[in-house]
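> the following comprises the amino acid sequence and a computationally predicted model.
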Amino acid sequence: MTESLSIPQARKLVLLSQKVPPVRQAGDATAATRAVIEHLGYIQIDTISVVQRAHHHTLWNRNPRYQATQLDQLLSDKHVFEYWSHAAAYLPMCDFRFSLPRKHALACGHQDHWYDRDEPMMKLVLDRISSEGPLMAKDFEHTGKKMREWQSKPAKRALEYLFMQGDLMIPRRDNFHKVYDLTERVLPEGIDTSMPSPEEYARFLITHYLRANGLAQAAEICYLRKNTRPLVSAALKEMVSNGELLRVRVDGTLYYALSDSLELLSKPLGRSKLKILSPFDNLVIQRKRMKALFGFDYLIECYVPEPNRQYGYFSLPILWDGKLVARMDCKADRKKSLLHIHHLALEPTVRNTDALFTALGRELTSFLKFNGCNRIRLHRTSPMKLKAKLQAVIDEMN
């Protein structure tokens, strides 16, 4: 049996599953942050800091009481760990054993690493950390040339290889620089380190993706995960046949969903709440998916030469009324406590700009504080005729 959902229903299911906009939360704020990470399955880490970094931004959008110290605390308490999802990420420690297939594949040479394997250097690095304790890349001297396109020294490459294949973990970062230690000294007592079977791993990928995203195609579940597509496709068929999954058709496209997930559609969605998203937010990271479900054709332009940029260096998607309605290129000048809105560009489908700007003004008040700023300077809007209207909202804030 195949269920049918309209585009608005599919969007609602995705947003409720993503827990954005967030609902009112009770209890400890750090515990709420932990719950977000465990529900979403990962939080992508990114170095760009023109506004608050992506991992903090994504968590703040789902826990309004979020503080950066909470993530540090969760790392210290060994409730989360750093590894690789589709990219560098914080992962729930309760899911640790499902990081082992990738580590094993790298260690055995079944999967390529972006660095060549340097066994003597890896042994040297491992021996030093074993005897001296946690170390950073800068603790290893190197006077020769840096290597290849990554421009990194041999010890740094060895550290990353040992990290990716599971010999080392990252218990913390100092000024955003990775600190490496032996895995056995980082893991909490009693953690399950048994290797999941291929079938178990495939089922884990499916159920956790669908729980966090509402519905999906096989390619989305396997996004940037090498050699998983055949296993996931086989598991999807089996899970449909035994009633664990539903087939769901949206605008002619077939998706999969957990058998009880459509019950979420009976819950309210906070449509009046506006959220300013990170470009690396879990909701928008798969651009093709967002275009299909939300009609939002998004490209982060920090990697595009400046003359060719349409929206700006680091435009942030804006969610409102259950839709992705705009993108806002911002930069926080923390020394001056000033948030620059270099360009706010609305989607052509937006009609009720008064209601949108009212919601944006409310969210900007929180966004300013989150970014360590207290004033806004608006530079440009598209369409240009809307600049005066938005400036009036900002003037009431400043």
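Sure thing, it's come through.
> would you map the strands across the stretch 1-150 of the chain?
For the stretch 1-150 of the chain, strands defined by DSSP state E, counting those that start in this stretch occupy the ranges 2-5, 43-44, 80-84, 88-92.
> which residues touch the most centrally placed residue in the chain?
Note on the chain: the residue nearest the mean C-alpha position is Q44, at 3.6 Å, using C-alpha atoms, centre = their mean. In this structure, Q44 makes contact with 54-55, 58, 85-89, 280, 282, 285, judged by C-beta atoms under 8 Å, 6 or more residues apart in numbering. All C-beta spots, glycine's among them, are computed from the backbone N, C-alpha and C.
> just the pLDDT at it, thanks.
Here the pLDDT value assigned to Q44 is 98.
> give the burial count for R351, as a bare number.
Counted with other C-beta atoms under 10 Å, the neighbours of R351 add up to 9.
> ignore the last one, P171
19.
> so where is the chain shaky, pLDDT-wise?
Within the chain, the ranges that satisfy pLDDT under 70 run 142-152.
> tell me, which helix in it spans the most residues?
What stands out as the longest helix in the chain, according to DSSP state H, is helix 353-370.
> and for it, what's in contact with it?
Here helix 353-370 has contacts from 52, 57, 60, 64, 272-276, 318, 320-321, 325-326, 339, 346, 350, 374-376, 386, 389-390, 393-394, 396-397, using C-beta under 8 Å, 6+ apart.
> likewise stretch 64-80?
For stretch 64-80, the surrounding residues in contact (C-beta under 8 Å, 6+ apart) are 22, 25, 29-30, 32-34, 37, 55-56, 59-60, 81-82, 90-93, 171-172, 186-188, 366.
> pretty sure K237 sits in a helix.
Yes: assigned with DSSP: H, G, I helix; E, B strand; the rest coil, K237 falls within a helix.
> how many neighbours does it have?
With other C-beta under 10 Å as criterion, K237 counts 12.
> helices - which of the contacts of stretch 64-80 land there?
Reading helices off the contacts of stretch 64-80 with DSSP H, I get 29-30, 32-34, 37, 55-56, 59-60, 186, 366.
> tell me the SS of the spatially closest residue to Q217 that is not a sequence neighbour?
Distance criterion C-beta to C-beta, 6 or more residues apart in numbering; nearest residue to Q217, sequence neighbours excluded, is Y255 at 5.8 Å. Using three-state DSSP, the structure places Y255 in strand.
> distance of Y255 relative to K153?
46 Å (C-beta to C-beta, to the nearest Å).
> likewise for L162?
Counting by C-beta to C-beta - L162 and K153 are separated by 15 Å.
> closest one of the contacts of Q44 to R211?
N282 (12.0 Å; C-beta to C-beta).
> was I right about that closest one contacting I37?
No: using C-beta atoms under 8 Å, N282 makes no contact with I37, being 10.5 Å away.
> shared neighbours, these two?
What both N282 and I37 touch, as defined by C-beta under 8 Å, 6+ apart, is the set I43.
> and G312, that's in a helix?
No: under three-state DSSP, G312 falls outside any helix and is assigned coil.
> OK, contacts around it?
With C-beta under 8 Å, 6+ apart, G312 has these contacts: 301, 327, 329, 342-343.
> who are the neighbours in contact with P279?
Contacts of P279 (C-beta under 8 Å, 6+ apart): 54, 298, 300, 314-317.
> switch to 7 Å and redo it
300, 314, 316 (C-beta atoms under 7 Å, 6 or more residues apart in numbering).
> phi, psi for it please.
phi -60, psi -20 (degrees, to the nearest 10).
> if I look at it, how far off is L246?
Taking C-beta to C-beta, one finds P279 at 31 Å from L246.
> okay, the strands of the stretch 1-150 of the chain, which one's buried deepest?
Among the strands of the stretch 1-150 of the chain, ranked by average contacts under mean count of other C-beta atoms under 10 Å, first place goes to strand 43-44 (a mean of 24).
> partner strands of the strand ranked longest in the chain, with direction?
Using DSSP state E to define each element, the chain has its longest strand at strand 323-333. Strand 323-333 pairs in its sheet with strand 315-320 (antiparallel), strand 338-346 (antiparallel), by DSSP bridges.
> can I get the last one in CSV, CA atoms only?
Taking only C-alpha atoms (Å, rounded to 0.1, in the frame of the first residue of the first chain), the coordinates of strand 338-346 have been written out as CSV:
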residue,chain,number,x,y,z
LEU,A,338,27.1,45.1,15.0
LEU,A,339,25.3,42.6,12.9
HIS,A,340,25.5,43.4,9.2
ILE,A,341,22.6,42.3,7.0
HIS,A,342,24.4,42.6,3.6
HIS,A,343,21.5,41.3,1.6
LEU,A,344,18.1,40.0,2.4
ALA,A,345,16.6,38.3,-0.7
LEU,A,346,12.9,37.1,-0.6
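> among the ones in helices among the contacts of stretch 64-80, the buried ones, what's the PyMOL command?
Filtering the ones in helices among the contacts of stretch 64-80 down to the buried ones (16 or more other C-beta atoms under 10 Å) takes a single PyMOL command:
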select buried, resi 30+32+33+34+37+55+56+59+60+186
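> closest to E199 out of the ones in helices among the contacts of stretch 64-80?
Using C-beta to C-beta, the ones in helices among the contacts of stretch 64-80 come closest to E199 at I37, 25.7 Å.
> quick one: contacts for that closest one?
43, 80, 90, 92.
> now the strands paired with strand 323-333 in a markdown table, with distance to D260 and mean neighbour count?
Converted to a markdown table, the strands paired with strand 323-333 look like this (distance: least, C-beta to C-beta, whole Å; neighbours: other C-beta atoms under 10 Å):
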| stretch | distance to D260 | mean neighbour count |
| --- | --- | --- |
| strand 315-320 | 25 | 24 |
| strand 338-346 | 37 | 20 |
